[in-house]
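J.: Next come a sequence and a model predicted from it.
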Amino acid sequence: GQQVMQIPQYQHVQEGEDFTTYCNSSTTLSNIQWYKQRPGGHPVFLIQLVKSGEVKKQKRLTFQFGEAKKNSSLHITATQTTDVGTYFCAVATGANSKLTFGKGITLSVRP
Amino acid sequence: DSGVTQTPKHLITATGQRVTLRCSPRSGDLSVYWYQQSLDQGLQFLIQYYNGEERAKGNILERFSAQQFPDLHSELNLSSLELGDSALYFCASSDGWTQYFGPGTRLLVL
């Protein structure tokens, strides 16, 4: 099945710095989703990317799907303390199907 | 608030015991998924039900079982509990591609 990898698992940044993380696969992905889990919370859907090279923005967050559909990136501009949490990428095999999650990257932001 | 509810929030039990976790999906969602989250394994898919029928199985142990009832709520039964079953158990429901997660049940097996 489709698998996704996220490395590293932890990253620390100074507030105001930019942050970029990647999600990689050895196979072509049909789609990629990103979820955010705040400390003590549950995963919350952020975005879904489907098309090759697709770029979507949500305020300071920019999501991109690679041209070959084998990787995706999440970029946060000028991080804030509200950005702390674990960011997961996930892939679904279809509508109403299970998600296969990456291990996630836990972001901490020093004020 | 995702609209997905889970009870109980916390559960402390002993090895060898059996527990039942309950999930109510968002109104109108037919799919219910169960995931286990532990520190070393991340978020692992356990099982999915769609409109009362099992649709997909993941890394679910034989000691675990689930069902979805006619009103679409779901229960996850964990039996012969072991220390390693201590984890956060999430239920999610979906309207297609997006999954909406409940607040989770934190299980501690002592």
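T.: Happy to help now that I have it.
J.: and the nearest residue to A:Q80 once chain neighbours are set aside, what does it touch?
T.: Computed as CB to CB, 6 or more residues apart in numbering or on different chains, the closest residue to A:Q80 that is not its neighbour in sequence is A:E15, at 6.3 Å. Just so you know, the C-beta spots here come from the backbone N, C-alpha and C atoms, and that holds for glycine as well. Contact analysis of A:E15 by CB atoms under 8 Å, 6 or more residues apart in numbering or on different chains lists A:T79, A:Q80, A:T81, A:V109, A:R110, A:P111.
J.: Widest-spaced pair of those residues?
T.: A:Q80 and A:R110 (11.5 Å; CB to CB).
J.: Around chain A, which positions in chain B sit nearby?
T.: By the rule CB under 8 Å from any CB of the partner chain, the part of chain B lying against chain A is B:2, B:30-31, B:33, B:42-45, B:48, B:50, B:55-56, B:58, B:90, B:92, B:94, B:96-104.
J.: List only buried entries from these.
T.: For these, a neighbour count by 16 or more other CB atoms under 10 Å in any protein chain shown gives the buried set as B:2, B:30-31, B:33, B:42-45, B:48, B:50, B:55-56, B:58, B:90, B:92, B:94, B:97-104.
J.: Quick one: residues contacting the residue nearest the centre of chain B.
T.: A centroid search over chain B (CA atoms, centre = their mean) returns B:W34, at 3.6 Å, as the residue closest to the centre. Contact analysis of B:W34 by CB under 8 Å, 6+ apart lists B:C23, B:F45, B:L46, B:I47, B:Q48, B:I60, B:A66, B:S74, B:L76, B:Y89, B:F90, B:C91.
J.: Could you tell me which of the contacts of A:E15 count as buried?
T.: For the contacts of A:E15, a burial check counting by 16+ other CB under 10 Å picks out A:T79, A:V109.
J.: Please list the members of the contacts of A:E15 that lie in strands.
T.: A:V109, A:R110 (DSSP state E).
J.: Nearest to chain B among the contacts of A:E15?
T.: For the contacts of A:E15, the residue nearest chain B by CB to the nearest CB is A:V109; the value is 21.2 Å.
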